[in-house]
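J.: Attaching a predicted model along with its sequence, questions to come.
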Amino acid sequence: MSDILSQLGIDPIILIGVMAGLIVFLGGVLIISLIKMEKVYRRYDLFMRGKDAETLEDLIAELYESTQKLMDQDLANKDVMKVVSRSLSNTYQKTGIVKYNAFEGMGGQSSFALALLDMTNSGFLLNAMHSRNSCYVYVKEIHEGEPESALGKEEKEALDAAMKKKDRFFS
């Protein structure tokens, strides 16, 4: 054996040292693997403790049933959300309000123009003009951003402010 090593130019002491290092390394890998295997075994033992094949089958069946119930409930919730989303398109989502002084010399900005629009920019505009002795209220319908009759300066400002707002529920 020493003739082969001497012909290759390898010192037998170095070879023994390399093999001893390899044995120590492999021993460390073995110990780490045994520790990890013990952890897996403990988890398995904890999971299987007191259970046989029949109880595991029952557990799996219960989990399947509860998953099916959750999936059915999820589908029902999605259907409800579709109905709610469709009905939201008809709700007033955009608002614009302008306060102003309708009558010179009356003091304060107690009059206002209020625009309420749905997502198609349809709705109404409410104009309340307040004086010292009375209050006048006018309503004008709005269809797709167009008023049914001419608008005053404040009414136009309120309508423009409402139309500039983005849809709250669909954007």
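T.: Yep, it's here.
J.: Could you list the low-pLDDT ranges of the chain?
T.: Across the chain, the ranges flagged by pLDDT under 70 are 1-2, 50-54, 105-107, 167-171.
J.: how does it look with 90?
T.: Where the chain drops to pLDDT under 90, the residues are 1-15, 43-60, 82-94, 100-111, 118-121, 129-136, 144-146, 148-153, 163-171.
J.: Let me see the ranges of the strands in it.
T.: For the chain, strands defined by DSSP state E occupy the ranges 94-100, 111-117, 123-130, 135-143, 146-147.
J.: Quick one: residues in contact with the shortest one.
T.: Contacting residues not belonging to strand 146-147 are listed as 125, 140-141, 155, 159 [Cβ atoms under 8 Å, 6 or more residues apart in numbering]. (Each C-beta comes from the backbone N, C-alpha and C, glycine too.)
J.: hmm, try it at 10 Å
T.: Strand 146-147 is contacted by residues 115, 121-122, 124-125, 140-141, 155-156, 159 when judged by Cβ atoms under 10 Å, 6 or more residues apart in numbering.
J.: List the strands paired with it, with their directions.
T.: Using DSSP bridges, strand 146-147 pairs in its sheet with strand 135-143 (antiparallel).
J.: Check which residues of the partner strand are buried.
T.: 140, 142 (16 or more other Cβ atoms under 10 Å).
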